[in-house]
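**Q** Output the structure for:
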Amino acid sequence: MAEGGEVRRGPGEVVLTGAGVLSAFGVGTEPLMGAVLAGRPGFAPVGRFGVGGRRAGHAAVHPGSPVLTDELPRMIGLACEQAGLSAALRARCPLHLAVHGDPALPRVPAGERAAHGAGRFAEGVARRAGLSGAARAYTSACVASSTAVADAAALVARGRAERIVVAAGYLVDADQFAVFDAGRALARDGRVRPFSAGRSGLLLGDAVAAVVVESAVAARGRGARPLARLAGWGRAGDAHHVVRPRPDGAGLARAITAALRRAALAPERIGYVNAHGSGSPAGDTAEAAALHRVFGPAAETLPVSSTKSVHGQALEAGALLELVVTVSALAAGRLPVNAGWLGPDPECRLGLVLDTPAPATSPYALSLTTAFGGANTALLVAAA
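**A** The predicted structure follows:
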């Protein structure tokens, strides 16, 4: 947003025309949506690697032994197939990829590591998926994939690209599990309880996802049916603390406001918020404060849930997974359950969706993400 409240808009509408997703519940949106609408968590004792001696022992992991270098091209393929992209159109598509880094990097000799950075990894994924080979890598923690979507949308809106594939992947691994466990960030009771009294932390989860971000004009020109319209996006920083959120939620509130202004929507038009809601005591309180800053007293009745309570925190891939969930919820007309609820927290006075899915009463929804370092993003989607 420019100074004085002026909004920088591109010349064209941006739509999502295809999606592919892998989660702890399987491949595709159907098993994932079945779980989030039922509020059925996918957390179980970790068997992928040893967790002996750890404080926590649960995560939401995909069955079997998925490999990121295989699953990313597969999910990109599913997204492009749903979007109806021919091989020729795919070959002209750039890739925005959100990942922690090249999974092979820790195992290569020091002299060969320059060939295994995140950028090189993204280029390799693009080539394997039949895309153009032009790729950007995003490694900015939990906002990596939402930032990638926002960048893609801005380029498409301004006519600098017809379409861009955005993909992201994180598979629960021993290193990140150990880091979060050592930091006492993981819930020891095996459940994520966003905005609830008695919440004790997050749990990690698998996610590999891809979406096609496309010009509405280009989609109509080839007869593609959009899944949703990406109506707005906003980003803001707190610069408050390396890991602790700013308690008043000011940065996230600015990101939400920027997305609303870009979409030319008043706050009361929003009918659902898929919150970041990691289940951490400080993070959830700060996010609730941000929602009150934007929506005022209406935050107490606005439908809100965090689907991390079901599929876990997928780090760099989490925002893209949750965008797919939000789009799918609008299409289904049913809003996901905020699972793990034990009771109200007076500092998190929100209109939480509890027990059963709520009906969608508005075509507009927000998907919110925050990250270490004070990064905040908001993606605003409209039902197709």
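**Q** Tell me which stretches of the stretch 201-350 of the chain form strands.
**A** Secondary structure of the stretch 201-350 of the chain by DSSP state E, counting those that start in this stretch: the strands cover 207-215, 228-237, 272-274, 303-305, 334-335.
**Q** and among the ones you listed, the most buried is which?
**A** strand 207-215 (a mean of 30; mean count of other C-beta atoms under 10 Å). Where you see a C-beta, it was placed from the backbone N, CA and C, and this is true even at glycine.
**Q** which other helices and strands contact that strand?
**A** Under the contact definition 3 or more C-beta pairs under 8 Å, 6 or more residues apart in numbering; DSSP states H and E, strand 207-215 sits against strand 14-23, helix 68-83, helix 144-157, strand 163-170, helix 318-332.
**Q** quick one, that strand and helix 318-332 angle?
**A** 70 degrees (axes from the mean of the first three to the mean of the last three C-alpha atoms, to 10 degrees).
**Q** Export the strands of the stretch 201-350 of the chain as TSV, with columns for mean pLDDT and distance to Ser23.
**A** Rendered in TSV, the data for these read as follows (pLDDT from 0 to 100; distance: least, C-beta to C-beta, whole Å):
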stretch	mean pLDDT	distance to Ser23
strand 207-215	98	6
strand 228-237	97	19
strand 272-274	98	15
strand 303-305	98	16
strand 334-335	98	18
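**Q** Switch those strands over to TSV; also include distance to Asp70.
**A** Listed next are the strands of the stretch 201-350 of the chain as TSV, based on distance: least, C-beta to C-beta, whole Å:
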stretch	distance to Asp70
strand 207-215	9
strand 228-237	28
strand 272-274	28
strand 303-305	32
strand 334-335	32
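**Q** So what sits opposite the nearest residue to Ala56 once chain neighbours are set aside in the bridge?
**A** Of all residues beyond its chain neighbours, the one nearest Ala56 is Leu186 (3.6 Å), with distances taken as C-beta to C-beta, 6 or more residues apart in numbering. Each beta-bridge partner of Leu186 is listed here, defined by DSSP bridges: Leu202.
**Q** ok, back up a step: so for Leu380, which of the strands of the stretch 201-350 of the chain sits nearest?
**A** Across the strands of the stretch 201-350 of the chain, the minimum distance to Leu380, taken as C-beta to C-beta, is reached by strand 228-237, at 3.7 Å.
**Q** List the strands paired with that closest one, with their directions.
**A** Here strand 228-237 is paired, per DSSP bridges, with strand 14-23 (antiparallel), strand 375-383 (antiparallel).
**Q** which one of those lies closest to Leu68?
**A** Closest to Leu68 of the strands paired with strand 228-237 is strand 14-23 (C-beta to C-beta; 10.1 Å).
**Q** sorry, back to before: quick one: closest of the strands paired with strand 228-237 to Gly251.
**A** Each of the strands paired with strand 228-237 was scored for nearness to Gly251 using C-beta to C-beta, and the closest is strand 375-383 (4.6 Å).
**Q** Hey, what's the angle from the closest one to helix 144-157? Just curious.
**A** Calculated by the same axes, to 10 degrees, strand 375-383 forms an angle of 60 degrees with helix 144-157.
**Q** before we move on, the earlier item: make TSV from the helices and strands packed on strand 207-215 and add mean pLDDT to it.
**A** Rendered in TSV, the data for the helices and strands packed on strand 207-215 read as follows (pLDDT from 0 to 100):
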stretch	mean pLDDT
strand 14-23	98
helix 68-83	98
helix 144-157	98
strand 163-170	98
helix 318-332	98
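**Q** okay, these, which one's buried deepest?
**A** For those, the largest average neighbour count (mean count of other C-beta under 10 Å) is found in strand 163-170, namely a mean of 29.
**Q** Against which helices or strands is that strand packed?
**A** Packed on strand 163-170, when contacts are counted by 3+ C-beta pairs under 8 Å, 6+ apart, are helix 68-83, strand 95-98, helix 144-157, strand 207-215, helix 318-332.
**Q** right, and the helix or strand after the second one?
**A** Tracing the chain C-terminally past strand 95-98 and defining elements by DSSP states H and E, one meets helix 118-128 next.
**Q** right, and the helix or strand after that following helix?
**A** strand 135-138.
**Q** Show me what that following strand is in contact with.
**A** Outside of strand 135-138, the residues within contact range by C-beta atoms under 8 Å, 6 or more residues apart in numbering are 94-99, 117-119, 121-123, 125-126, 144-145, 147-148, 151, 168, 316.
**Q** out of those residues, which are buried?
**A** 94-99, 118, 121-123, 125-126, 144-145, 147-148, 151, 168, 316 (16 or more other C-beta atoms under 10 Å).
**Q** Near Arg128, how many other residues are there?
**A** Burial measure for Arg128: 15 neighbouring residues, criterion other C-beta atoms under 10 Å.
**Q** Oh, that last question was meant for Arg293, not what I typed.
**A** Other residues within reach of Arg293 by the criterion other C-beta under 10 Å amount to 17.
**Q** so it sits right up against Gly249, yeah?
**A** Yes: shown here, Arg293 and Gly249 form a contact pair, counting by C-beta atoms under 8 Å, at 6.0 Å.
**Q** CA-only coordinates of stretch 364-381 in PDB, if you can.
**A** These are the backbone C-alpha positions of stretch 364-381, laid out as PDB (Å, rounded to 0.1, in the frame of the first residue of the first chain):
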ATOM      1  CA  TYR A 364     -15.000 -13.900   1.400                       C
ATOM      2  CA  ALA A 365     -12.500 -15.500   3.700                       C
ATOM      3  CA  LEU A 366      -9.000 -14.700   5.100                       C
ATOM      4  CA  SER A 367      -6.100 -17.100   5.500                       C
ATOM      5  CA  LEU A 368      -3.600 -15.700   8.000                       C
ATOM      6  CA  THR A 369       0.100 -16.600   8.700                       C
ATOM      7  CA  THR A 370       2.700 -15.300  11.100                       C
ATOM      8  CA  ALA A 371       6.400 -16.300  11.400                       C
ATOM      9  CA  PHE A 372       9.400 -16.000  13.600                       C
ATOM     10  CA  GLY A 373      11.000 -12.600  13.200                       C
ATOM     11  CA  GLY A 374       7.700 -10.800  13.200                       C
ATOM     12  CA  ALA A 375       6.600 -11.500   9.600                       C
ATOM     13  CA  ASN A 376       2.800 -11.500   8.900                       C
ATOM     14  CA  THR A 377       0.700 -12.200   5.800                       C
ATOM     15  CA  ALA A 378      -2.900 -12.200   4.900                       C
ATOM     16  CA  LEU A 379      -4.500 -13.800   1.800                       C
ATOM     17  CA  LEU A 380      -8.100 -12.800   1.000                       C
ATOM     18  CA  VAL A 381     -10.000 -15.200  -1.200                       C
END
